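[1] Predicted model, plus sequence, below.
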Amino acid sequence: MFTSQIGQDEWVVEVFKGKRGGTFLDVGCHETKNLSNTWALEKDFGWRGIAIDVDGAFTHGWAVERPGSTFVLGDACTMDYPALLAAQHISQPVDYLSLDLEPPELTWKCLQHILGQGIWFYAVTFETDHYRYKESREPSRELMASLGYTLARGDVPGMFGAQDDFYVHKMLLT
(Lines give C-alpha, C1' and ligand atoms only; values in the text may rest on other atoms or scores of the structure.)
Protein backbone atom coordinates (compact mmCIF):
# COMPACT_ATOMS: atom_id res chain seq x y z
CA MET A 1 0.00 0.00 0.00
CA PHE A 2 2.75 2.51 0.90
CA THR A 3 5.11 3.62 -1.87
CA SER A 4 7.18 6.51 -0.51
CA GLN A 5 10.94 6.27 -0.38
CA ILE A 6 11.48 6.62 3.36
CA GLY A 7 8.06 6.23 4.95
CA GLN A 8 6.61 9.70 4.50
CA ASP A 9 3.18 8.34 3.56
CA GLU A 10 3.08 5.91 6.50
CA TRP A 11 4.06 8.72 8.87
CA VAL A 12 1.25 10.94 7.55
CA VAL A 13 -1.29 8.15 8.03
CA GLU A 14 0.02 7.66 11.57
CA VAL A 15 -0.03 11.38 12.42
CA PHE A 16 -3.59 11.75 11.11
CA LYS A 17 -4.72 8.47 12.70
CA GLY A 18 -5.94 7.06 9.37
CA LYS A 19 -7.93 10.17 8.48
CA ARG A 20 -10.02 9.93 5.35
CA GLY A 21 -10.66 12.80 2.95
CA GLY A 22 -7.62 14.92 3.74
CA THR A 23 -5.84 17.38 1.47
CA PHE A 24 -2.26 17.64 0.28
CA LEU A 25 0.17 19.70 -1.72
CA ASP A 26 2.79 17.47 -3.35
CA VAL A 27 5.57 19.73 -4.63
CA GLY A 28 8.08 17.91 -6.79
CA CYS A 29 5.62 15.04 -7.14
CA HIS A 30 7.34 13.26 -10.02
CA GLU A 31 5.69 9.91 -10.84
CA THR A 32 2.17 8.97 -9.81
CA LYS A 33 2.98 5.90 -7.68
CA ASN A 34 6.65 4.91 -7.59
CA LEU A 35 8.27 6.68 -4.61
CA SER A 36 5.19 8.87 -4.23
CA ASN A 37 4.55 10.43 -0.83
CA THR A 38 0.84 10.86 -1.63
CA TRP A 39 -0.23 7.77 -3.63
CA ALA A 40 -1.47 5.84 -0.58
CA LEU A 41 -3.19 8.90 0.82
CA GLU A 42 -5.21 9.35 -2.34
CA LYS A 43 -5.82 5.71 -3.23
CA ASP A 44 -6.38 4.19 0.20
CA PHE A 45 -7.63 7.11 2.28
CA GLY A 46 -9.53 9.25 -0.23
CA TRP A 47 -7.34 12.32 0.04
CA ARG A 48 -7.19 14.86 -2.78
CA GLY A 49 -4.69 17.49 -3.62
CA ILE A 50 -2.44 19.38 -5.94
CA ALA A 51 0.66 17.81 -7.44
CA ILE A 52 3.32 20.06 -8.93
CA ASP A 53 6.28 19.17 -11.11
CA VAL A 54 8.41 20.89 -13.72
CA ASP A 55 8.61 17.70 -15.83
CA GLY A 56 5.72 17.42 -18.28
CA ALA A 57 6.42 13.72 -18.87
CA PHE A 58 4.21 12.94 -15.86
CA THR A 59 1.15 14.95 -16.94
CA HIS A 60 -0.74 12.09 -18.61
CA GLY A 61 -0.05 9.63 -15.81
CA TRP A 62 -1.43 11.99 -13.21
CA ALA A 63 -4.56 12.61 -15.27
CA VAL A 64 -5.21 8.87 -15.71
CA GLU A 65 -3.93 7.30 -12.48
CA ARG A 66 -4.58 10.09 -9.97
CA PRO A 67 -8.01 11.59 -10.77
CA GLY A 68 -8.42 12.82 -7.21
CA SER A 69 -5.51 15.18 -7.70
CA THR A 70 -4.79 18.10 -9.95
CA PHE A 71 -1.42 18.01 -11.70
CA VAL A 72 0.16 21.42 -12.27
CA LEU A 73 3.09 21.73 -14.63
CA GLY A 74 5.44 24.55 -13.75
CA ASP A 75 8.04 26.13 -11.54
CA ALA A 76 6.94 25.51 -7.96
CA CYS A 77 9.19 28.30 -6.69
CA THR A 78 7.21 31.00 -8.49
CA MET A 79 3.59 29.87 -8.17
CA ASP A 80 0.79 31.83 -6.55
CA TYR A 81 -0.21 29.26 -3.93
CA PRO A 82 -3.21 31.06 -2.46
CA ALA A 83 -4.73 31.29 -5.96
CA LEU A 84 -3.80 27.69 -6.77
CA LEU A 85 -5.45 26.37 -3.60
CA ALA A 86 -8.53 28.54 -4.12
CA ALA A 87 -8.93 27.30 -7.70
CA GLN A 88 -9.02 23.72 -6.42
CA HIS A 89 -11.30 24.56 -3.48
CA ILE A 90 -8.69 23.54 -0.95
CA SER A 91 -8.87 25.58 2.22
CA GLN A 92 -6.21 26.15 4.82
CA PRO A 93 -4.76 24.58 6.69
CA VAL A 94 -3.83 22.04 4.07
CA ASP A 95 -3.33 18.74 5.85
CA TYR A 96 0.01 17.76 4.31
CA LEU A 97 2.86 19.33 2.37
CA SER A 98 5.35 17.04 0.66
CA LEU A 99 8.30 19.06 -0.62
CA ASP A 100 11.05 17.41 -2.68
CA LEU A 101 12.73 19.24 -5.55
CA GLU A 102 16.04 18.79 -7.31
CA PRO A 103 18.57 20.11 -6.66
CA PRO A 104 18.01 20.40 -2.89
CA GLU A 105 18.64 24.13 -2.77
CA LEU A 106 15.43 24.53 -4.78
CA THR A 107 13.52 22.67 -2.08
CA TRP A 108 14.69 25.21 0.49
CA LYS A 109 13.90 28.15 -1.82
CA CYS A 110 10.42 26.75 -2.49
CA LEU A 111 9.69 26.17 1.20
CA GLN A 112 10.43 29.83 1.86
CA HIS A 113 8.26 30.85 -1.10
CA ILE A 114 5.24 28.78 -0.02
CA LEU A 115 5.38 29.73 3.65
CA GLY A 116 6.08 33.35 2.70
CA GLN A 117 2.66 33.43 1.02
CA GLY A 118 0.98 32.60 4.31
CA ILE A 119 0.15 29.00 3.42
CA TRP A 120 0.24 26.63 6.36
CA PHE A 121 -0.10 22.91 6.88
CA TYR A 122 -0.77 20.48 9.68
CA ALA A 123 2.11 18.21 8.61
CA VAL A 124 5.16 18.71 6.39
CA THR A 125 7.87 16.45 5.05
CA PHE A 126 10.76 18.52 3.76
CA GLU A 127 13.66 16.91 1.92
CA THR A 128 16.77 18.65 3.18
CA ASP A 129 19.17 16.14 1.58
CA HIS A 130 21.54 17.16 4.36
CA TYR A 131 23.96 14.41 3.37
CA ARG A 132 24.74 16.39 0.20
CA TYR A 133 23.48 19.93 0.83
CA LYS A 134 24.31 21.29 4.27
CA GLU A 135 22.95 24.80 3.82
CA SER A 136 19.21 24.29 4.34
CA ARG A 137 18.73 22.08 7.38
CA GLU A 138 19.36 24.57 10.19
CA PRO A 139 17.71 27.61 8.53
CA SER A 140 14.68 25.51 7.58
CA ARG A 141 14.36 24.23 11.14
CA GLU A 142 14.54 27.79 12.46
CA LEU A 143 11.91 28.97 9.97
CA MET A 144 9.58 26.09 10.75
CA ALA A 145 9.92 26.59 14.52
CA SER A 146 9.21 30.31 14.15
CA LEU A 147 5.94 29.45 12.39
CA GLY A 148 4.72 27.00 15.02
CA TYR A 149 5.99 23.73 13.59
CA THR A 150 7.55 21.04 15.76
CA LEU A 151 10.24 18.79 14.36
CA ALA A 152 8.67 15.36 14.79
CA ARG A 153 11.44 13.41 13.08
CA GLY A 154 14.74 14.92 12.03
CA ASP A 155 17.34 13.67 9.62
CA VAL A 156 15.19 10.74 8.53
CA PRO A 157 17.71 8.57 6.70
CA GLY A 158 17.55 7.78 3.02
CA MET A 159 19.89 5.66 0.95
CA PHE A 160 22.85 7.98 1.39
CA GLY A 161 22.25 9.61 4.77
CA ALA A 162 20.16 12.30 6.42
CA GLN A 163 17.43 13.10 3.94
CA ASP A 164 14.15 14.48 5.36
CA ASP A 165 12.72 16.41 8.27
CA PHE A 166 9.11 15.68 9.30
CA TYR A 167 7.09 18.42 11.01
CA VAL A 168 3.72 18.85 12.66
CA HIS A 169 2.09 22.21 13.31
CA LYS A 170 1.16 23.13 16.87
CA MET A 171 -2.52 23.34 15.82
CA LEU A 172 -2.51 19.63 15.01
CA LEU A 173 -1.09 18.84 18.42
CA THR A 174 -3.85 20.67 20.33
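    Ah, there it is.

[2] Quick check: chain neighbours aside, which residue is closest to the residue minimising distance to the centre of the chain?
    Nearest residue to the geometric centre of the chain (C-alpha atoms, centre = their mean): S98, 0.9 Å. Using C-beta to C-beta, 6 or more residues apart in numbering and skipping residues adjacent in sequence, the residue nearest S98 is N37, 4.0 Å away. In short, each C-beta sits where N, CA and C put it, glycine included.

[3] Next one: that neighbour from T107, what distance?
    13 Å (C-beta to C-beta, to the nearest Å).

[4] So for the two, which sits in the more crowded spot?
    N37 (30 against 25; other C-beta atoms under 10 Å).

[5] Let me see the residues that make contact with the lowest-mean-pLDDT helix or strand in the chain.
    Here the helix or strand of the chain ranked lowest by mean pLDDT, DSSP states H and E is helix 170-173, holding a mean of 86. Residues outside helix 170-173 that contact it (C-beta atoms under 8 Å, 6 or more residues apart in numbering) are V15, P93, Y122, A123, G148, Y149, T150.

[6] I'd like to know which of these are buried.
    V15, Y122, A123, Y149 (16 or more other C-beta atoms under 10 Å).

[7] I'd assumed the second one was in a strand, is it?
    Pointing back at Y122 there. Yes: with DSSP: H, G, I helix; E, B strand; the rest coil as the criterion, Y122 is part of a strand.

[8] Just the helices from the protein, written as ranges.
    Listed in chain order, the helices of the chain (DSSP state H) span 8-15, 39-45, 59-65, 81-87, 104-116, 137-146, 170-173.

[9] mean pLDDT for those helices: which is lowest?
    Lowest mean pLDDT within these: helix 170-173, at a mean of 86.
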